[in-house]
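In: Any chance you could fold what I've pasted below:
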Amino acid sequence: MRGMELRLPVGVWRAIERELGERYPYEGCGLLVGRSAGRVEVAAHIPVRNLREGVEAKRRYLIGPGDFLAAEKEARARGLEIVGVYHSHPDAPAEPSEFDRENAWPWYYYLIVAVLGGRVDSARAWQLKDDRSGFEERGVILSEE
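Out: Here you go, the predicted model:
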């Protein structure tokens, strides 16, 4: 899965876009499920609750282990796997923060969505380097369903 573009169906993207716009001014988050054999293809997204609260939820997200496990089970039941995580950066660029780097896993893609004033501005995909020193940007290709 290392170094490939992230293929994202337009319908999944539109749903993520709506969801993260509605969660503004707080960070929204969820999981991307699909297949990674040969190329990374997202089939669906699974929104999850940001366990951070109050002011902290405006700058950070936390996916609970129960939500992660439930999403993993749901993906497996559909013959899929978790291929990534998405989250918003309210009023900030779609670039990983130091907090993102410290909490990321190298085998997942991270779709970061900049939400400015409640509207999605941009989205970029990233993958943590194996040595955890930083992220490498990955292309995002919107595809028809």
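In: switch to C-alpha atoms for all contacts and neighbour counts from now on
Out: OK.
In: ok, the most centrally placed residue in the chain - contacts?
Out: Computing the C-alpha centroid of the chain and ranking residues by Cα atoms, centre = their mean puts Y86 first, at 1.2 Å. Contacts for Y86 (Cα atoms under 8 Å, 6 or more residues apart in numbering) come out as 29-32, 110-113.
In: Secondary structure class of it, three-state.
Out: With DSSP: H, G, I helix; E, B strand; the rest coil as the basis, Y86 sits in strand.
In: do the same with the one 10 residues further on
Out: Each residue gets one of three states, and P96 gets coil by three-state DSSP.
In: picking that back up, of the contacts of Y86, just say which sits nearest to E144.
Out: Of all the contacts of Y86, E144 sits closest to L32, with 16.5 Å by Cα to Cα.
In: beta partners for the nearest residue to Y108 once chain neighbours are set aside?
Out: Using Cα to Cα, 6 or more residues apart in numbering and skipping residues adjacent in sequence, the residue nearest Y108 is G84, 4.6 Å away. For G84, the beta-bridge partners are L32, Y109 (DSSP bridges).
In: Give me the distance between G84 and A70.
Out: According to Cα to Cα, to the nearest Å, G84 and A70 sit 15 Å apart.
In: Also M4?
Out: M4 sits 26 Å away from A70, taking Cα to Cα as the criterion.
In: Strands of this protein, residue ranges please.
Out: 6-9, 29-35, 40-48, 81-90, 109-116, 119-128, 135-138, 140-143 (DSSP state E).
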